[in-house]
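> Just to be clear, the model below is a prediction. Sequence and coordinates:
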Amino acid sequence: MNDSIKIIPLRIFFQELLAVLKSVIKILCLFFAAIIIFGLILWHLEPLFFWQAQYLAFITALTVGYGDFYPKSMIAQMISILLGFLGIILTGTFVAVVIRAIQRAYETMEKQNG
């Protein structure tokens, strides 16, 4: 086994993850609020029930896209495209948060070990 590879304790990782999340929680909340608002717009544009429109918005934003509900009007399709891009940004933000938490946990571990 390579001596340069070090395992970060989960306790340190989760402490750092919470610290990083605190710094971006407002941004993440804005993303989720935008998804809900787009779901409300889809609800008014498409023949969907409220929860179906929210489901469509979140499935589209999370880039899953099961296909059981899909937008039929052009404006709803454009909103779905925006939701897809919003989802890519949201996913990238979350990945960046996790990577930063790993970096900070490694730095913390290095300081503790000297």
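Sure thing, it's come through. It should be emphasised that the depicted structure is a prediction, and the values quoted were computed from it without experimental measurement.
> buried stuff in the helix or strand harbouring F14?
In this assignment (DSSP states H and E), F14 forms part of helix 10-45. For helix 10-45, the neighbour count (16 or more other CB atoms under 10 Å) marks 12-13, 16-17, 20, 31, 34-35, 38-39, 41-43, 45 as buried. C-beta: built from backbone N, CA, C; applies to glycine.
> can you check stretch 55-64 too?
Of the residues in stretch 55-64, those buried (16+ other CB under 10 Å) are Y55, L56, A57, F58, I59, T60, A61.
> again with stretch 64-71
Applying 16+ other CB under 10 Å to stretch 64-71 flags F69, P71 as buried.
> What's the end-to-end length of that stretch?
15 Å (CA to CA, to the nearest Å).
> Now do that stretch, average pLDDT.
Stretch 64-71 comes out with an average pLDDT of 89.
> Report the distance from it to the chain centre.
19 Å (CA atoms, centre = their mean, to the nearest Å).
> Which helix runs longest in the protein?
Taking DSSP state H as the criterion, the chain has its longest helix at helix 74-113.
> what's that one packed up against?
In terms of contacts (3 or more CB pairs under 8 Å, 6 or more residues apart in numbering; DSSP states H and E), helix 74-113 is packed against helix 10-45, helix 50-61.
> right, and those - which one's nearest V97?
helix 10-45 (5.1 Å; CB to CB).
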